[in-house]
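Visitor: The following comprises the amino acid sequence and a computationally predicted model.
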Amino acid sequence: MFSLNSEQKQAVGLLSIGTFLEYFDLMLYIHMAVLLNELFFPKTDPHTANLLIAFAFCSISIFRPIGALIFGKIGDNLGRKATVVITTMLMAMSCIIMANLPTYAELGITASWIVIVCRMVQGMSSVGEIVGAELYLTETVKPPVSYQTIALIGVSAALGGTAALGIASLSTYLLFNWRIAFWIGAAIALVGTFARITLRETPEFVDARSRIKDTFKKSQQDPKLLENNPIYNEKVNKTTVLALFLIYCTYPACFYFSYMYCANILKTSFGYSTGQVIHQNFLVSLSELSMLLVLVYLTGKIPPLKILKILIAIFAVFILVCPYLLYNSKTPFDLLLIQSFAILFAPILMPAIPIFVKYFPVFKRFTYVGVTYAFSRTLIYIITSFGFIYLIEYFGHWGLLIIMIPTTLGFVFGLSHFEKLEKAAGNYYNKKNADSPDEVGSVR
C-alpha cells in the first residue's frame, strides 16, 4: 500500500504522532465542556449556559485566522518544519496551564478568562499543526502514495479526538482526575516537539527557495530579474481559494451536529447525564475513526475525487431526511445511529488534500491554505454554535437545513472546480500519474 523510504516513513510517524497529540489536547476540553464549564464558568440559567458552552466552543476558532496568518508567514518564509515545531510547543504550554489552573470557585472570573485565552492559543496553534503536517507530506511524498500518507494525518487527528473522549468518559464514570489528562497531553507534546526538530525541510520548499537565492545573486547585476521571477510572483486563483473555502466548510457543520447538537438532545429529551453523553459521543468517534481507516484503504483503490463524490451524494440524501429522523427518534440508540451516519459520511478533504493544495503557489501555499482553513472553521463554528440555538427555537429540527443545505451545495461547487482543474491538467482519475516537482504548486 505504501512505497516510502526510511526518511519519509520517519516523517509520517513524527507528524502523525504530533497531530494525534494536538487533537487530543484540542478536543479534550471540547468533549469535556459540559463538565469543565461548570468548574471554570459561573452558574447561570439553561439558556445562558448554552450560550456559554457555544462561546467556549467557538473560542478555539476566533483567533484561528490570526494564527493562520502568523504561522502561514512562518511556514512560507522559514519553512514547514519550523511551524510544526512551534505549534506543538504552544499546545504543550496551554495544556500545562490548564492542568494547574484553579477553578472559578477558587479564582473567580479570572479563571474563566484564562481558560478562554488557553483555548484561543490552542485554536491558533492547531491551524499551523494540521496544515503544516499536510503540506509537509504533500511536498515530500509524490502522488498517488501521498493520498494515503496524508490520509493517515486525518486518522491521527480523529484518533486524538477519540482518545480525548475516552479520557473524558473515564473521568466521569471512574472519577478519573481530568487534570492528569492535560498533564499527559502536555508531557507527550513536549516530547513530540523535540522529536520534530529532527525533521528535514520539505524538498519542494528547499528547491524553490534555492532557485530564489540564485535569482537574488543574479539580481545584484539586474534587480528586475527578481521582480519578474515567476516562482516568487506566481498569482493565486481566486476561484480556487473560494472552492477550497467551501469544501472546508462542510465538515465543521457535521462535527457540531453529531457531537454537540445531538448531545443536547440526549440531555433534554432522554435525560442523559454528562457522563452518558460523553460515553455516547465516544461511540460515535469510534465510528468516525473506523470510517477514516476504511477511506485510507479505499484511497489506494479509488481516485480521491471519486471517493468525495460518493460521500457527498450519500450525505446530501441523508441531510434532507435528517430532521424527520430526529423527530422520530424514540431511543438514545436511534440517535446514536443518526450521529454515526452523519459523521461516517461527512464530506471531508482527507483523501484529496494533495490535489487541492498543489494548485496554490509554493511560496504562498501555507498562508492561503492556512487562512482559508481558519476562516472556514471560524465562520461555520460560530454559525452552528449560535445559529442552531435560535434556528431550532423557531423552526425545530428543520432549522438544521438552513445551515446544512448551503454548506453541502458549497462542497459540491468546490469539488466540481477541482475536478475541472484536474481534467485540464490531464490528471483526472489517473492514479498512476504522479506530478513532477515542477508541476506541483503551479496554478493551471
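Guide: Great, that's in hand. None of these values were measured; they are calculated from a predicted model. Residues are numbered from 1 along each chain as shown.
Visitor: how far out from the middle of the chain is the helix or strand where Lys73 lies?
Guide: With elements taken from DSSP states H and E, the one containing Lys73 is helix 64-77. Relative to the chain's own centre, helix 64-77 is displaced by 16 Å; criterion: C-alpha atoms, centre = their mean, to the nearest Å.
Visitor: quick one: buried residues of the following helix or strand past that helix?
Guide: Remark: after helix 64-77, the chain's next helix or strand is helix 80-100, criterion DSSP H and E. By neighbour count on 16 or more other C-beta atoms under 10 Å, the buried set for helix 80-100 is 80-96, 98-99. Yep, even glycine has a C-beta here, placed from its N, CA and C like the rest.
Visitor: now do stretch 365-378
Guide: Those would be 365-378, for stretch 365-378 by 16+ other C-beta under 10 Å.
Visitor: For it, output the C-alpha coordinates as CSV.
Guide: Extracted as CSV, the C-alpha positions of stretch 365-378 are listed here (Å, rounded to 0.1, in the frame of the first residue of the first chain):
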residue,chain,number,x,y,z
ARG,A,365,0.7,28.0,-0.2
PHE,A,366,0.9,27.8,3.6
THR,A,367,-0.6,31.3,4.1
TYR,A,368,-3.5,30.8,1.7
VAL,A,369,-4.4,27.2,2.7
GLY,A,370,-4.0,28.1,6.4
VAL,A,371,-6.1,31.2,6.3
THR,A,372,-8.8,29.5,4.2
TYR,A,373,-8.9,26.6,6.7
ALA,A,374,-9.1,29.0,9.7
PHE,A,375,-11.8,31.3,8.3
SER,A,376,-13.9,28.4,7.3
ARG,A,377,-13.7,26.9,10.8
THR,A,378,-14.3,30.2,12.5
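Visitor: Kindly state the pLDDT recorded for the residue sitting nearest the centre point of the chain?
Guide: When C-alpha atoms, centre = their mean is applied to the chain, the residue found nearest the centroid is Ile130 (6.4 Å). At Ile130, the model reports a pLDDT of 75.
Visitor: from the chain's centre, how far out does the helix or strand hosting it sit?
Guide: Element membership of Ile130, judged by DSSP H and E, is helix 109-138. In terms of C-alpha atoms, centre = their mean, the centre of helix 109-138 is found 11 Å from the chain centre.
Visitor: quick one: that helix to helix 64-77, angle?
Guide: Angle, helix 109-138 to helix 64-77, by axes from the mean of the first three to the mean of the last three C-alpha atoms, to 10 degrees: 40 degrees.
Visitor: in helix 109-138, what's buried?
Guide: 111-112, 114-116, 118-138.
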